[in-house]
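1. Here's a sequence, model it:
(chains A, B, C and D)
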Number of protein chains: 2
Amino acid sequence: MTNIKKIAKLAGVSVSTVSKALNGYEDIKEETKKKILEIAKEMDYVPNFMARGLITKSTKTVGVFFGDQTNSGFDSPFLVDYFSSIKNVLGEAGYDLLIFSNQKRDTSSYKSMCHEKGVDGVILILTGNKRTDEKIHELHEAFPTVYIDSLPQASMKVNFVESDNEAGAWDATEHLIKLGHRSILKIAGDTIAKGSFDRIEGFKKACQHYGLSAQDNWIQYGKYSREEAARLTKEIFSQETEFTAVFASSDLMAFGVIDALKELGKRVPEDVSVVGFDDIDSAQYFHPPLTTVHQKRLQMGETASKILIEIMQDNDGTIRHMKIPTKLIVRGSSAISKQ
Amino acid sequence: MTNIKKIAKLAGVSVSTVSKALNGYEDIKEETKKKILEIAKEMDYVPNFMARGLITKSTKTVGVFFGDQTNSGFDSPFLVDYFSSIKNVLGEAGYDLLIFSNQKRDTSSYKSMCHEKGVDGVILILTGNKRTDEKIHELHEAFPTVYIDSLPQASMKVNFVESDNEAGAWDATEHLIKLGHRSILKIAGDTIAKGSFDRIEGFKKACQHYGLSAQDNWIQYGKYSREEAARLTKEIFSQETEFTAVFASSDLMAFGVIDALKELGKRVPEDVSVVGFDDIDSAQYFHPPLTTVHQKRLQMGETASKILIEIMQDNDGTIRHMKIPTKLIVRGSSAISKQ
DNA sequence: CTGAAAGCGCTTACAG
DNA sequence: CTGAAAGCGCTTACAG
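-> Residues are numbered from 1 along each chain as shown, chains lettered A, B, ... in the order given. This is a model prediction of the structure:
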């Protein structure tokens, strides 16, 4: 491979001069510069980023973590959107993306992995991850870092981009109430993850605001699983008959709810309305098409990338927490209450 | 950050000795080794891969190209499967993944990008890409390389993993013929990409084998676009009434076909049967659920990764071309012909 | 405007 | 078994 030394020899100058010409320094004779650039081009020269990075401490590479080390992180249907927006925005700014997949490393600390490969910044998309690594704080102390979607610890003071989950849940709940539903079953995810928690809060607050007295049994936990949501729905609906609507904290759980209702001989939306959360691709193709809360995932990825670019250039220590608005998408799974 | 020098000082030995201890050399006193390893652990030492890579010419990183430089490459719904299987298999073998997203680089040659970042091998997933870069051959001459899904030039002699598109198209066509359909419209992609071409071949051969004399107008080109397929379908079905079945070369085009048939007041599958190709996620949720040819994308990604690992370790120059079998998935969009 | 020298953090013959 | 030295390909003060 061509290197700076060969170019120097061919141009009859020193390596220092070649380096300066290649890096656009001003204090160099136009003629010399031109000659060097020509030779470099002719020889298909590309700088070795490892050698350069060793000195400049910059590799023009951003590390990306999906999920945790044990699973591939591609169980979440959003990842594609996050990923492609990150790829576009960071790519335009001149960065490549490093996906930490190596399972054989000695270290499992995010910070160490980043040091190992010398990334300039980090984006973490730990969707639905309950990892509570003690050392997680070391990472954002050492590298410009942005979290998307969820936080491993709710109290962390870090750059963070999420959907406005509470407002989204409020909208969904309000939608059902305005259709006349007075007793609504909430199939929630869990109470640990911030996003899950906020969706429950939005539901509770909307119920309260509109004078619905939510009972304890109104909120059930479906673990973000289609099967578990179906099981729960069957259990509840065989005991209780009051519910005319279900608000699930994810589309996948909403699918499970509809599976169960169909099995029980209930029609959606004629007998029971169902609303989801996320607006995954399949939501529009489901039968009936699912009313749900759309998350602007591309915008989340873009926002996170822009923040990262800013702090990689000049980290002033300001911590940014962005809530991206959601959008209620009304489709065929919700209708006016018969009662 | 801790480096080998600090450890050497603390352990009271030379950097050479530390390097040997860290890299598991045998010719070192057990006691010395133990001491060095202890100190390294205590100091959270991680090797600097840039410095190491500069000498060993290995970074334990595999470069991945999606689509081409202009689009994000995430338009294809398969990419998630390819990507997650690559991530798993290469991760287990000790590799991280580098996604080339940087748009600001001086070079646009794959080979140069790989040199720049010093990857150990490359996987290319140029789905639906018609790029015919003259220099494309330089890449696999310089780096261990595997292509997945499609080839930029059909005649390239490179490691390549694809679906058995011809056999898949044969199966789909045979399925329709066995349901009694005697005149079948083929909505194809294009004739350039190998996969597209093979799907047309499979269709033609199955028709021939079962004694259907396919006319020229049986094959139309829908450019892998839902809208274009819908437009074509409307055009054809308003002129011709003979067709009782449509075989589209992608699920997305099959969706377009069904869109158009619905608009024309035709029922699927009662009036017209429709079969797709790919088995994207939405296929099962579509209304009616789509009969289609499933591509084993996870297996394709795994196979490609394993080949790459082999040739990164020992490139004997053998070129591998793997065809992964497809699987016909019969759902609700195909039925016995009325005629 | 140009070049010699030091050094980034590591590995690898080689000498002892 | 251990260490001094050279070098991977580059950048950065510094001297001239």
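2. any idea of the pLDDT on A:Glu166?
-> Each residue has a pLDDT score; the one for A:Glu166 is 97.
3. Would you map the strands across chain A?
-> Listed in chain order, the strands of chain A (DSSP state E) span residues A:61-66, A:96-99, A:121-125, A:145-148, A:159-163, A:184-188, A:219-221, A:245-248, A:273-275, A:292-294, A:321-324, A:327-329.
4. For A:Leu90, find the nearest of the ones you listed.
-> strand A:61-66 (5.5 Å; Cβ to Cβ). (Each C-beta comes from the backbone N, C-alpha and C, glycine too.)
5. contact partners of that closest one?
-> Under the contact criterion Cβ atoms under 8 Å, 6 or more residues apart in numbering or on different chains, strand A:61-66 has outside partners A:49, A:72-74, A:79, A:83, A:86, A:90, A:95-100, A:110, A:113-114, A:117-127, A:143, A:308, A:312, B:98, B:117.
6. Within reach of DNA strand C, which of the residues you listed are there?
-> Subset of the contacts of strand A:61-66 in contact with DNA strand C: empty, counting by Cβ under 7 Å from any atom of the strand.
7. Show me what the helix or strand of chain A with the lowest mean pLDDT is packed against.
-> Every helix and strand in chain A was compared by mean pLDDT, DSSP states H and E; the lowest is helix A:136-142, with a mean of 88. Secondary-structure packing of helix A:136-142 (3 or more Cβ pairs under 8 Å, 6 or more residues apart in numbering or on different chains; DSSP states H and E): helix A:110-117.
8. Show residues contacting the helix it packs on.
-> A:59, A:61, A:63, A:65, A:98, A:100, A:102, A:105, A:107, A:122, A:124, A:133, A:135-136, A:138-139, A:142-143, B:1, B:44, B:46-49, B:59, B:61, B:96.
9. re earlier: for the least confident helix or strand of chain A, give me every contacting residue.
-> Taking Cβ under 8 Å, 6+ apart as the rule, helix A:136-142 contacts A:109-111, A:114-115, A:122, A:145, A:152-153, A:156, A:158-159.
10. Taking those residues, please make a ChimeraX selection of just the buried ones.
-> The following ChimeraX line selects those of the contacts of helix A:136-142 that are buried, judged by 16 or more other Cβ atoms under 10 Å in any protein chain shown:
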select /A:109,110,111,114,115,122,145,152,158,159
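11. Please spell out the segments of the stretch 201-339 of chain A that come in under the pLDDT threshold.
-> Applying pLDDT under 70 to the stretch 201-339 of chain A flags the ranges A:240-241, A:339.
12. Which single residue of the stretch 101-250 of chain A ends up nearest DNA strand D?
-> Closest residue of the stretch 101-250 of chain A to DNA strand D, Cβ to the nearest atom of the strand: A:Gly118 (12.2 Å).
13. what about that residue, neighbour count?
-> Close neighbours of A:Gly118, defined as other Cβ atoms under 10 Å in any protein chain shown, add up to 22.
14. same deal with A:Gly265?
-> For A:Gly265, the count of nearby residues is 7 (other Cβ under 10 Å).
15. Can I have the buried ones of the contacts of helix A:110-117 as a ChimeraX selection?
-> Buried members of these, defined by 16+ other Cβ under 10 Å, are picked up in ChimeraX with:
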select /A:59,61,63,65,98,100,102,105,122,124,136,138,139,143 /B:46,47,48,49,59,61,96
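16. The residue of the stretch 101-250 of chain A closest to DNA strand D against A:Ala51, yeah?
-> No - assessed by Cβ atoms under 8 Å, A:Gly118 is found out of contact with A:Ala51, at 11.9 Å.
17. Can you pull the residues of chain A lying near DNA strand D?
-> So far as Cβ under 7 Å from any atom of the strand goes, chain A lies against DNA strand D at A:1, A:3-5, A:15-16, A:19-20, A:22-23, A:45, A:47-48, A:51-52, A:54-56.
18. Who does A:Tyr147 form a beta bridge with?
-> Beta-bridge partners of A:Tyr147, counted by DSSP bridges, are A:Leu124, A:Phe160.
19. Let me see the confidence value for it.
-> With respect to pLDDT, A:Tyr147 scores 95.
20. List the contacts of it.
-> Applying Cβ under 8 Å, 6+ apart, the residues contacting A:Tyr147 are A:123-126, A:156, A:158-161, A:304.
21. That one and A:Lys135, how far apart?
-> Distance of A:Tyr147 to A:Lys135, given as Cβ to Cβ, to the nearest Å: 16 Å.
22. Could you do A:Ile123 as well?
-> Per Cβ to Cβ, A:Ile123 is found 18 Å from A:Lys135.
23. again, but for A:Leu308
-> For A:Leu308, the distance to A:Lys135 equals 21 Å [Cβ to Cβ].
24. Next: A:Ile28.
-> Computed with Cβ to Cβ, the distance linking A:Ile28 and A:Lys135 is 46 Å.
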